[in-house]
Structures are given as C-alpha cells and as structure tokens.
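J.: Give me a model of this one.
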Amino acid sequence: MTRVGGDCTSMKKRKSMLFNRNLTHLNGGHLKFFDYLNHSCELEHIKPILYLAPTSNFSLAQELIPSDVEIVDNPVNADIFFLAGKDWQTLDTAGIDTSGKPVVSLIQSLRQCFPGHPLHQYLSRPVMMRVCVSSQISAYLQSKYPRADQLITIPNGTDLHSSSTLKNQTKSNTVFIGGLKDKDLAERLASVLDHDHIPVDLCLTHIPRFEFLSRLASAKIAVLLPVEEEGFYLPALEAMVLGSVAIVPDCIGSRDFCIKDQTCLVPERTLDSLHNAVRLLWNDKKLRSRLKNAAFQKCAPYTIEKERRTFQQALRLRLERYYSA
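T.: Predicted structure coming up:
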C-alpha cells in the first residue's frame, strides 16, 4: 500500500494507533470505521493495530481489513486510540486508561449526543479530536460543549462514484424498499404497492454489501427507512450516486443532501405518505429525471477521497501539535 503523509518532524517514530471493533454484521457504522482504518494505514507515521472482539465475524472482517494492519488478541495500551460507538466500553473492560494520550473519537450517531443514551457518558472523556460525520452532529456538539476546537466535520464519503459495474447496471421496473430499521412499515408499504401492481424488492435483513448495492442500483425508485435521528444515512447517499430516485423520510443527519423536492422526496413517516410518494414518482417520469440529476450533482462532492484527505490532514496537524506541546 502506498504511504502518504509527509514530514512529521515532531514525532520521533511511528506511533501505534489502536482500533477495536465487535463486527457481527456489516452496517454503515462498521463500514465507515473500516474506511477510517484504511485512511490511517496510508499515513507513514501511524502504525494501525486492530483488536477484534471474539464474537466478531472474522470472515467478513478479512474482506475489510487492510493487509498491513497488525491484528492483536487483546486490546493494547497504544500511543494513540481511535474510538467509535461502544469502543470505549471495550477499553474500560480491558482496564486501559486513555487519559493523557491522544484520542480520535468518531461520532456517527446523533442519538449518542442526547442525555440518557448509553454512549452519551463518553462525550465527557478527554479527546484530541472528535470527527463528526455530518454538520448536524457537529452543530449539536458545538452548542453543548465548550471545546469546539476539538471538533471537525467530515461528511461521509463513498467510493461508488467510480463504480462503473454498479452505476451502469440496467434499471429494472421495481421499487426497492430498504426496511431493516422499520420492518413493520416496510412490509405494509410493500403490501399496498403489490395491490397497485407495482413490483417491489423488499429488503428486511442484513445482506452482503455488494448484493445490497446491486439491488439498490437496479431499482428505478428506492424507498429507504432510516431512524429519525440518524447521524448520517449512508444508503440514501448511495442510492443517489447509483441513480435510483430516493424516497426518504426526514432524518436529521442527512438533511444536507436529502433536500425535499430537490434531490429526493421526503414524505411523512406514515404508510399513506410513503404510498403517495411512490405513486407520484412511478407515474411522473419528468419528476424522476429531475430529482435523479439534481441528486447526482449534489452528492458529487461526497467522495471517499475527500473524506480520506480531510481526515489525514487533520490528524497529522493535531498530532504534530500534540507532540510538540
């Protein structure tokens, strides 16, 4: 793997950076975690180390782990820590204290910012940098915590812009429903669309990533059902990049690109509203074309390359500042 990163004169040697994960299945949060592991591998002054919990799907992990990452059997007291979600709990259980060391905290869930959420307590832990995956998360944290200098907003990127295999996939005359997070509503919508003789591809389970993307890319219309307080809803971005016209009820962390009646339809989270939105798109080719083109343009900057470059530059600068203090 080609290493980039330039001269880090204040760092005497490569610093070990611990990542840890319990990977039981693949979702957007896990996918971005491994993207950041890949980003870190390309920095010449960082030596990534990965701990996978024993309950992890190791076969799936092998598809995501860069070849030059050291894998350890237990969490180690590294020079630097990259923590997201429940990773803090893993270190606490292992008796590893991160205070006094640089910590990069990836904040992917808006719900984590709310008092009462199990992960909210970790926002009070000292960190060197908090990476917020959407402007909505960043704005909320800036309003609640005085150390705004720790925050950096890096919107999630995707590598699908260059995926000719998926982007050139023939569109079928179907409506894809991504209903894993609201199975009841998804099933009821599929039922009424079936009554309308509108072909449906209903997805209610975790499936391999390429299969999910292939089914998403082949659909003329994609109905996606996030939770209301998503930090960033990656499937909506992926649908737009792949040329499927999206119907997405409002979720806070995707408002920068899920723009009502401009890049997608944003109906109320009710069966009637979703049903009407599908019928509207199904019968209006000009509307589908307008939304599709606008969505593709809006999502063009959300690339994995931009995400990688922004993170690497921010990490490099903050580590130089940290070690020279």
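J.: hey, let's count contacts and neighbours off CA atoms from now on
T.: OK.
J.: What helices and strands are in contact with the lengthiest helix in the chain?
T.: For the chain, the helix with the greatest residue count under DSSP state H is helix 304-324. In terms of contacts (3 or more CA pairs under 8 Å, 6 or more residues apart in numbering; DSSP states H and E), helix 304-324 is packed against helix 28-41.
J.: Now the helix it packs on: buried residues?
T.: Within helix 28-41, the residues that count as buried by 16 or more other CA atoms under 10 Å are 29-41.
J.: Farthest pair within those?
T.: Gly29 and Cys41 (18.8 Å; CA to CA).
J.: what's around the residue lying closest to Lys306 once chain neighbours are set aside, how many residues?
T.: Residue nearest to Lys306 in three dimensions, not counting chain neighbours: Gly157, with 7.1 Å by CA to CA, 6 or more residues apart in numbering. Using other CA atoms under 10 Å, Gly157 is surrounded by 23 other residues.
J.: is it true that Gly157 touches Thr310?
T.: No: between Gly157 and Thr310 there is no contact under CA atoms under 8 Å: 10.8 Å.
J.: For the stretch 101-250 of the chain, which segments count as helices?
T.: Counting by DSSP state H, counting those that start in this stretch, the stretch 101-250 of the chain has helices at residues 135-144, 164-167, 183-195, 209-218, 234-241.
J.: Mean pLDDT per helix and strand in this protein: which one sits at the bottom?
T.: Within the chain, no helix or strand scores below helix 164-167, which has a mean of 86 by mean pLDDT, DSSP states H and E.
J.: buried stuff in that one?
T.: For helix 164-167, using 16+ other CA under 10 Å, the buried residues are Leu166, Lys167.
J.: The chain should start at 47 in everything you say after this.
T.: All right, first residue 47 from here; so that's helix 210-213.
J.: from the chain's centre, how far out does it sit?
T.: Helix 210-213 has its average C-alpha position 20 Å from the chain's average C-alpha position, going by CA atoms, centre = their mean, to the nearest Å.
J.: what's next to that helix, contact-wise?
T.: Leu206, His207, Leu259, Ser260, Ala263, Val287, Leu288, Gly289 (CA atoms under 8 Å, 6 or more residues apart in numbering).
J.: Without its sequence neighbours, what residue ends up closest to the second one?
T.: If you skip the residues right next to it in sequence, His207 has Val287 as its closest partner in space, 6.3 Å away by CA to CA, 6+ apart.
J.: now do the fourth one
T.: The spatially closest residue to Ser260, leaving aside those adjacent along the chain, is Leu212, at 6.3 Å (CA to CA, 6+ apart).
J.: how deep is Lys190 tucked in, by neighbour count?
T.: Lys190: 10 neighbours (other CA under 10 Å).
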